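*Asks:* following is a predicted model, sequence given first.
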Amino acid sequence: RYVSIGGFINGFAKVFRVEGSEWKGGFIDHSGREVLSAANRTLGQPDKRGYVCVEHEFMKFKLANLRTGHERILDDGTQGVTALVFSDGLCIHREKPLLRGEQNSSTPMRPYGFKDHHGHIRIPPSYSAVHAFSEGLAAVKVTNDFGESKWGFIDTNGRMAISPRFSNEPKDFHDGRAFV
């Protein structure tokens, strides 16, 4: 039935089958019951509440609640790029890429922000790089008008909790601490 089964994370394991030449993924629970059909291109990691972001078609993302079975389209391919990491109620979002021919050397970088589980932008894209939330904080890279960048941390409301002052990319928070 499956060609690969991953380890359990937050009560769910990734499963994969092959369709033609493509791998398709889904999730099972501890009883082995398939809680998300193995029909998706790419899978994220489920968070503690059972939410997971998946790429169900090329550049089209949905959010699934593995505990309830509810699914919601996060990005229909027209809004931007959504990362497959969903944590603390938010997933990483990046503004829609420019079409071929619209880009040149002066084209600004597409910034990152965060969406909620309804697919709404909760923290507008304004950072040059971000990490997923960990213990209520996400590392964000802020670049000034002179191209100088520093890392800081925001909370889930988008407020700067630790001002951008770190030159090196920090690690995520674990047990109240982060390596910077």
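*Replies:* Thanks, I have the structure now.

*Asks:* going forward, measure contacts between C-alpha atoms and count neighbours the same way
*Replies:* Fine.

*Asks:* low-confidence stretches in the chain?
*Replies:* The chain contains residues with pLDDT under 70 at 75, 77-84, 96-109.

*Asks:* give me the spatial nearest neighbour of R17, chain neighbours excluded.
*Replies:* Y2 (4.7 Å; Cα to Cα, 6 or more residues apart in numbering).

*Asks:* and for N40?
*Replies:* Counting by Cα to Cα, 6+ apart, H56 is the residue found nearest to N40 once chain neighbours are left out, at 4.4 Å.

*Asks:* count the residues that sit near that neighbour.
*Replies:* 20 (other Cα atoms under 10 Å).

*Asks:* the helix or strand hosting it pairs with which strands?
*Replies:* Taking DSSP states H and E as the definition, H56 sits inside strand 51-57. Using DSSP bridges, the strands paired with strand 51-57 are strand 42-43 (antiparallel), strand 60-65 (antiparallel).

*Asks:* enumerate every residue touching R165.
*Replies:* K150, W151, G152 (Cα atoms under 8 Å, 6 or more residues apart in numbering).

*Asks:* buried residues in the host helix or strand of it?
*Replies:* Taking DSSP H and E as the definition, R165 sits inside strand 160-166. Neighbour counts over strand 160-166 (16 or more other Cα atoms under 10 Å) mark M160, A161, I162, P164 as buried.

*Asks:* need the max-distance pair from these.
*Replies:* A161 and P164 (9.3 Å; Cα to Cα).

*Asks:* anything in contact with each of those two?
*Replies:* Shared contacts of A161 and P164 (Cα under 8 Å, 6+ apart): G152, F153.

*Asks:* count of neighbours near the closest residue in space to K115 that isn't next to it in sequence?
*Replies:* Spatially, and ignoring its direct neighbours in sequence, K115 is nearest to I121 (4.3 Å; Cα to Cα, 6+ apart). When counting by other Cα under 10 Å, one arrives at 16 neighbours for I121.

*Asks:* what sits against I121?
*Replies:* G113, F114, K115.

*Asks:* roughly how far does the first one sit from K141?
*Replies:* The span separating G113 from K141 equals 11 Å under the rule Cα to Cα, to the nearest Å.

*Asks:* common neighbours of these two, please.
*Replies:* Y127, V130.

*Asks:* count the residues that sit near K115.
*Replies:* 23.

*Asks:* list the contacts of it.
*Replies:* K115 touches L90, C91, I92, H93, I121, R122, I123, counting by Cα under 8 Å, 6+ apart.

*Asks:* beta partners of the last one?
*Replies:* According to DSSP bridges, the partner residues bridging I123 are F114.

*Asks:* residues in contact with it?
*Replies:* G113, F114, K115, N157, G158.

*Asks:* give me the nearest residue to the last one, chain neighbours excluded.
*Replies:* In this structure, G158 finds its nearest non-sequential neighbour in I123, 5.5 Å apart by Cα to Cα, 6+ apart.
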